[in-house]
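> Would you be able to build a 3D model of this:
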Amino acid sequence: MLQNTSAGLSEAEAKARLAKVGENRLRGKKGASVAAMFFSQFKDLMILILAAATLVSVLMGEGTEAITIIIIVLMNATMGFLQEYRTEKTLEALKELSAPTARVRRSGSAGGHNGIKSIIAHLGTEVFPRVKVGVGQKPRQYDLADYVLGHFSREEREQMAEGYRHAAEAVKYMVTDRVDEAMNEYNRKVRPKEL
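As a prediction, the model looks like this:
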């Protein structure tokens, strides 16, 4: 039995459960390895027909034609692989950049946020639930202060509408002492890496 109260788990109990059973996350489908992605290019019917034509050419003593067909097949596979690989990498980058997040915390430090520092000073404790909303990781070329204090781009403003909706829904859980439910629902971290 879980034995949790209506107020949710204590920080210590949450850490103990995390250590015991791990994060409450759905496992995503693992992408194909680079080698598997390359060799999948040879599954096409036309490639199989060209392989058969290569074999016939070899059997007929036409080595030059066989080598030409092999070169064409390898070039086709390489181009298909590069296109698929680049597409996968582009999708990963888009997921990282565009995913709005709403993260629920049961307690914790200010993490450099002056507004949270002020609340902690006023309350005299770090133990209070909070929601963080954002659009993803700071790009490498940005200074942290400039990034945090800068303006959202038009695309980011559109994405933030979803992040704000998530935050509002999370707060509904939190004000009814269901912090754990809010964490389970919204800490899936449409990881700035998950879309």
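> where does the chain dip in pLDDT?
By pLDDT under 70, the low-scoring segments of the chain are 1-9, 23-31, 92-101, 135-138, 148, 188-195.
> in this protein, which spans are strands?
101-105, 130-134 (DSSP state E).
> quick one, the last one and strand 101-105 angle?
Looking back up the chat, that one is strand 130-134. Relative orientation of strand 130-134 versus strand 101-105 (axes from the mean of the first three to the mean of the last three CA atoms, to 10 degrees): 160 degrees.
> So which elements touch strand 130-134?
In this structure, strand 130-134 packs against strand 101-105, helix 154-175, with contacts taken as 3 or more CB pairs under 8 Å, 6 or more residues apart in numbering; DSSP states H and E. Any C-beta I mention is one placed from the backbone N, CA and C, and that applies to glycine too.
> Point out the one among the strands of the chain that comes closest to V34.
strand 101-105 (29.2 Å; CB to CB).
> who does the helix ranked longest in the chain touch, helix- and strand-wise?
Of all the segments of type helix in the chain, defined by DSSP state H, the longest one is helix 63-98. Using 3+ CB pairs under 8 Å, 6+ apart, the elements in contact with helix 63-98 are helix 34-39, helix 45-59.
> For M160, find the nearest of these.
Comparing these by their distance to M160 (CB to CB), the top pick is helix 34-39, with 34.4 Å.
> got the contact list for the closest one?
Contacts of helix 34-39 from elsewhere in the structure, counted by CB atoms under 8 Å, 6 or more residues apart in numbering, are A77, F81, E84, Y85, E88.
> again, but for stretch 58-68
In contact with stretch 58-68 (CB under 8 Å, 6+ apart) are residues T54, S57.
> From the opening residue of it to its closing one, how far?
Distance across stretch 58-68, first residue to last, is 11 Å (CA to CA, to the nearest Å).
> Flag every buried residue along it.
Neighbour-count burial for stretch 58-68 flags A66 (criterion: 16 or more other CB atoms under 10 Å).
> now stretch 114-131
In stretch 114-131, counting by 16+ other CB under 10 Å, buried: I116, I120, P129, R130, V131.
> hmm, back to that, just say which of the helices and strands packed on strand 130-134 is most tucked in.
Most buried of the helices and strands packed on strand 130-134 by mean neighbour count (mean count of other CB atoms under 10 Å) is strand 101-105; its value is a mean of 22.
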